[in-house]
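Undergrad: coords please:
(one chain, ligands or ions: 2)
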Amino acid sequence: MNQKSPVIIGEYYIIPENLPADGQLRLIFQPIDMTTYWSRCGLTANFVAGFYSYCYEASETKANSLSTIINELLENASKFSKAMKGKINVELKQYGNLLRIDVLNVASKTLRDSFELFVNRLMSENVEELYFSTLESKEDGDTKSGLGLLMVLKDYPVRFGYSFNEIDSDTHEITVRAIINVEEI
Ligand SMILES: Nc1ncnc2c1ncn2[C@@H]1O[C@H](COP(=O)(O)OP(=O)(O)OP(=O)(O)O)[C@@H](O)[C@H]1O
Ligand SMILES: [Mg+2]
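TA: Ligands and ions are numbered 1, 2, ... in the order given. All right, here's what the predicted structure looks like:
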């Protein structure tokens, strides 16, 4: 077996992997669970956000922000999965005021390649400029407008890391990791 090591982009390892978390929560579902009832992304995001936010002051605003961020990650993982019966893993770990959210989905090579390109643009270009130029070129009724992540990056203090892991030539595990300081949102 000649397994390639994952491609890591962005702030993936800013929390040491061996640091014990104060708490953790895991959810596993299939893309089809969400794509047949899209409102489940919002419901799940609200549940997860509420689960953590009550630990903090001003919990309602924090819950709303957390929910928006998590919702976007769940929608993307569901939309861009290779197989509707594939798996989506959501793992949350809390380290004091830091919340680490990992959303893993399995994508085709085409989707992986285009996401990797997109992520590299995020790293090298100005997020606001990218947001507004994407907004201008957007067509009405577009469900893949390419604005979701840019909006999160523009509006919330989230640090993102990405892992692209080739399982076989057309099967790629993608993890989007969001690290949020709950004091800042
Ligand atoms: N989890 C993922 N797996 C594979 N590709 C992804 C994933 N998340 C995002 N992408 C890719 O990155 C692009 C940008 O994602 P983003 O959320 O910004 O836009 P979108 O989902 O296409 O549109 P919008 O969020 O505005 O409805 C997507 O179009 C898709 O190609
Ligand atoms: Mg999106």
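
Undergrad: residues in contact with the residue in the chain that ligand 2 sits nearest to?
TA: Among the residues of the chain, residue 148 lies closest to ligand 2, at 2.8 Å counting by Cβ to the ion. Just so you know, the C-beta spots here come from the backbone N, C-alpha and C atoms, and that holds for glycine as well. Applying Cβ atoms under 8 Å, 6 or more residues apart in numbering to residue 148 gives the contacts 72, 75-76.

Undergrad: give me the subset of those touching ligand 1.
TA: residue 76 (Cβ under 6 Å from any ligand atom).

Undergrad: top of the contacts of residue 148 by neighbour count?
TA: residue 72 (22 neighbours; other Cβ atoms under 10 Å).

Undergrad: tell me the secondary structure for that residue?
TA: helix (DSSP: H, G, I helix; E, B strand; the rest coil).

Undergrad: name the residues of the helix or strand hosting residue 129 that are buried.
TA: Here residue 129 sits within helix 127-137, counting by DSSP states H and E. Counting neighbours by 16 or more other Cβ atoms under 10 Å, one finds that the buried residues in helix 127-137 are 130-131.

Undergrad: next: stretch 70-84.
TA: Buried residues in stretch 70-84, counting neighbours by 16+ other Cβ under 10 Å, are found at 70-82.

Undergrad: ok, back up a step: tabulate the CA atom coordinates of the helix or strand just after the helix holding residue 129 in CSV.
TA: Counting by DSSP H and E, the next helix or strand C-terminal to helix 127-137 is helix 148-155. What follows is helix 148-155, C-alpha atoms only, in CSV (Å, rounded to 0.1, in the frame of the first residue of the first chain):
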residue,chain,number,x,y,z
GLY,A,148,-21.0,30.4,2.3
LEU,A,149,-17.4,30.0,3.5
LEU,A,150,-16.4,33.4,2.4
MET,A,151,-19.3,34.9,4.3
VAL,A,152,-18.3,33.0,7.5
LEU,A,153,-14.7,34.1,7.1
LYS,A,154,-15.7,37.7,6.5
ASP,A,155,-18.2,37.9,9.4
